[in-house]
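A.B. asks: Using only what follows, build the 3D model:
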Amino acid sequence: MCVYKGNIIHELLHLHDVFPFSTPTPTTKSYDFLTNDPHPFFRYSTSSPENSPASVPTSPTASSSRPNPPPPLQDKWARNTAVYTRSKPTASTAQPTNSSPDPAPLPPQPSAPIRTIQTRSKSGISKQKCPLNLHMTTSIEPIPHSPHQALSIPVWKHAMLDEFNALLSNRTWVLVPREPHMNVVRCMWIFKHKTNSAGVLERYKARLVCDGRSQQVGVDCGETFSPVVKPTTIRVVLSIALANSWPIHQLDVKNAFLHGNLSETVYMHQPMGFRDTQHPNHVCLLKKSLYGLKQAPRAWYKRFADFVRQMGFHNSTCDHSLFIYKHQSATAYLLLYVDDIILVTSSDTLRQQLLSQLAGEFAMKDLGPLSYFLGVSVSRTSKGLFLSQHRYATDIINRAGMSSCKSVATPVDTSGKLSAHDGDPVPDPTLYRSLAGALQYLTFTRPDITYAVQQICMYMHDPRTSHYNALKRIIRYIQGTAHYGLHMTPTSASSLVSYTDADWAGCPDTRRSTSGYCIYLGDNLISWSSKRQTTISRSSAEAEYRGVANVVAEICWVRNLLLELHRPPSRTSLVYCDNVSAIYLSGNPVQHQRTKHVEMDIHFVREKVEIGLVRVLHVSSKFQIADIFTKGLPRVLFEDFRSSLSIRPPPASTAGV
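C.D. replies: Numbering: from 1, shown residues only. Alright, predicted model coming up:
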């Protein structure tokens, strides 16, 4: 602004030297460059034409070369710009003349503004307004704190009525008078939001359960059993299904535990909010099992197993939650995890036949191709299966309050291992144990964090600050790799290849070693482990030999499982170890002086090697994948081994899922 004013003053001084005129007298009306004056460099009056610039005498040549006055300016910015860019008067225009003065100019008339913008209204384009509705039409009702509060909310009351009517239609109990000698079990209502794999609310679920803690062992319950299929069994069956391009479906059993018949006498209080008005003091004599009873899983499993045996299935001796059907060329596998079922069949016709039989006995529902099972998202593409727990990993991060934390490249550093006495006790050990348990379930599809989780789980009885920092480092690693998962591809190879390693005397407190292994069925990773050994090893060879014994025991179990699945291995199972002494111990029957203290039960490795089921080979340490299960690794080596474990981002076709 100062430069602008300086230029104006310079122009005025220059014009004063060129045009010697006297100071104008006061006039009745004046104009300047701040209004609509066509000559912004002069201030003149309409009543004194002799003092106006037009009265200055000019020569004919000068008057012809004088530039024409600029047009009226429309706004202040344009006027200022015109003043700033106007050229200086030349010498020829400054010569005075004796011609008659021109009449005083009239004040310019403001012209209409010129619009150069083409709007939609000028073009005749119109669009109907759609106001945004900022009010939520469907709000999610929170979980009630008591049955009385739930009965006052329509959606939760409807869910309770559905559960109660289902129990009555199933004839779960009968009302009997209460007697003093009865041990009456308490019951309670459990409320939960049932969501799909995308986290969208599907329904409000109210479930009546018993308090099994009040049951007396030997009186109200006997032997207990939980029908839970092993994770290795699930991966083996999925690998076989991929190799043969078989359909994989998931089934849902409505109120599975209600189908079990009780052999014991169990009494229960009447449900809160649904007490019989005619017999308010009666109790329920249970005829069918209920959720929460200690014997409920065993009763449901017995009822289900007895029925599928009638259909032609038989139990696997390696995993009692696996049922196998084989009739000529028709093959079917049924995996039971409490009330969630995976059904693999060799044809769609066989699947429809088995589903019709199951639906006739139980309230069974076909949920279609396997997509979401036990919190694991399953995506099937032309290249295979992708198992991910992305949503579960995000929930762990939010539960820890670390949703905005920075990610790290590895879940554990390369420094010394954790000690039981490092740091002060954590203020909230319950949160530590909850997060550690959640991370342990995350290893279902994330073997890359198995060793780090194993380290923090050893100190759940007395967590310290150093242990909690190690736990937070795992969560920071998951923050950057939450979308990673386990890839499984169709493979025709039926051979087993494994890697085993041990970290000798790695525990700073007990000096016990940590051993780990991983097993591949063809190209698919099916089993892995990271565990601290039960005894102290006197040498690294002994620690490695114990690790070899652990993986050989797992290989023997997997071989028996494949034999029951009618897919026996066609080759000798290979075990890769980076310790030469352990390899010699596995094949040399001579009892050396330094190994005579080793327990005889781990020498079964020699027997398996001798009969040709297992072969122990040497592998260089830079190719020892099992190192990721026994120690912290540098970033480059860790990422290399992680890729070898088939832990990678989702394929392009499922990246947005």
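A.B. asks: How many residues are close by the closest residue to I602 other than its chain neighbours?
C.D. replies: Nearest residue to I602, sequence neighbours excluded (Cβ to Cβ, 6 or more residues apart in numbering): A549, at 3.9 Å. For the C-beta atoms, the positions are set from N, CA and C on the backbone; glycine is no exception. The tally of other residues near A549 (other Cβ atoms under 10 Å) stands at 23.
A.B. asks: How about the one 5 residues further on?
C.D. replies: Using other Cβ under 10 Å, E554 has 21 neighbouring residues.
A.B. asks: any low-confidence regions in this protein?
C.D. replies: For the chain, applying pLDDT under 70 flags the ranges 1-115, 127-138, 197, 589-597, 599-601, 653-657.
A.B. asks: Go again with 80.
C.D. replies: Within the chain, the segments meeting pLDDT under 80 span 1-139, 196-199, 214, 216-226, 254-259, 416, 492-493, 588-603, 652-657.
A.B. asks: Look through it and tell me its longest helix.
C.D. replies: For the chain, the helix that runs over the most residues, judged by DSSP state H, is helix 540-564.
A.B. asks: quick one on the thing from earlier: any figure for the gap between the residue nearest to I602 and F604?
C.D. replies: Relative to F604, A549 is positioned 7 Å away (Cβ to Cβ, to the nearest Å).
A.B. asks: Repeat that for Y520.
C.D. replies: 22 Å.
A.B. asks: what's the longest helix of the chain packed up against?
C.D. replies: Counting contacts by 3 or more Cβ pairs under 8 Å, 6 or more residues apart in numbering; DSSP states H and E, helix 540-564 is packed against helix 231-244, strand 496-503, strand 514-521, strand 524-532, strand 573-577, helix 580-587, helix 604-611, strand 614-618.
A.B. asks: What's the local residue count around V453?
C.D. replies: For V453, the count of nearby residues is 23 (other Cβ under 10 Å).
A.B. asks: Likewise for the one 4 residues further on?
C.D. replies: Here the count is done by other Cβ under 10 Å, and C457 has 15 residues near it.
A.B. asks: so what's it up against?
C.D. replies: 436, 440 (Cβ atoms under 8 Å, 6 or more residues apart in numbering).
A.B. asks: Now it, what are its backbone angles?
C.D. replies: phi -70, psi -20 (degrees, to the nearest 10).
A.B. asks: Then L251?
C.D. replies: According to degrees, to the nearest 10, L251 has phi -120, psi 150.
A.B. asks: For it, give me its contacts.
C.D. replies: If a contact means Cβ under 8 Å, 6+ apart, then L251 has 340-343, 355, 358, 364-367 as its contacts.
A.B. asks: now the helices for the stretch 301-450 of the chain?
C.D. replies: 348-361, 390-399, 429-442, 450-457 (DSSP state H, counting those that start in this stretch).
A.B. asks: Redo those as CSV? Include distance to T535.
C.D. replies: Listed next are these as CSV, based on distance: least, Cβ to Cβ, whole Å:
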stretch, distance to T535
helix 348-361, 48
helix 390-399, 34
helix 429-442, 24
helix 450-457, 18
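A.B. asks: which of those helices sits most buried?
C.D. replies: helix 450-457 (a mean of 22; mean count of other Cβ atoms under 10 Å).
A.B. asks: and K631, that one's in a helix?
C.D. replies: No: under DSSP: H, G, I helix; E, B strand; the rest coil, K631 sits outside any helix and is assigned coil.
A.B. asks: Quick check, it in contact with W504.
C.D. replies: No: using Cβ atoms under 8 Å, K631 is not in contact with W504, being 10.6 Å away.
A.B. asks: out of the two, which sits in the more crowded spot?
C.D. replies: A side-by-side neighbour count of K631 and W504, using other Cβ under 10 Å, places W504 first with 21 against 16.
A.B. asks: Report the separation between the more buried one and Q533.
C.D. replies: 10 Å.
A.B. asks: Identify the contacts common to the two.
C.D. replies: 513, 543.
A.B. asks: residues in contact with stretch 528-542?
C.D. replies: With Cβ under 8 Å, 6+ apart as the criterion, stretch 528-542 contacts 447, 450-451, 454, 458, 502, 504-505, 507, 510-519, 543, 546, 550, 554, 579, 581-582, 585, 594-595, 597-598, 629-630, 645.
A.B. asks: where's H390 relative to Y441, distance?
C.D. replies: 14 Å.
A.B. asks: Could you do P177 as well?
C.D. replies: 45 Å.
A.B. asks: got it, and S263?
C.D. replies: 33 Å.
A.B. asks: G485 now?
C.D. replies: G485 is 14 Å from Y441, by Cβ to Cβ.
A.B. asks: same deal with I143?
C.D. replies: Where Y441 is concerned, I143 sits at a distance of 22 Å (Cβ to Cβ).
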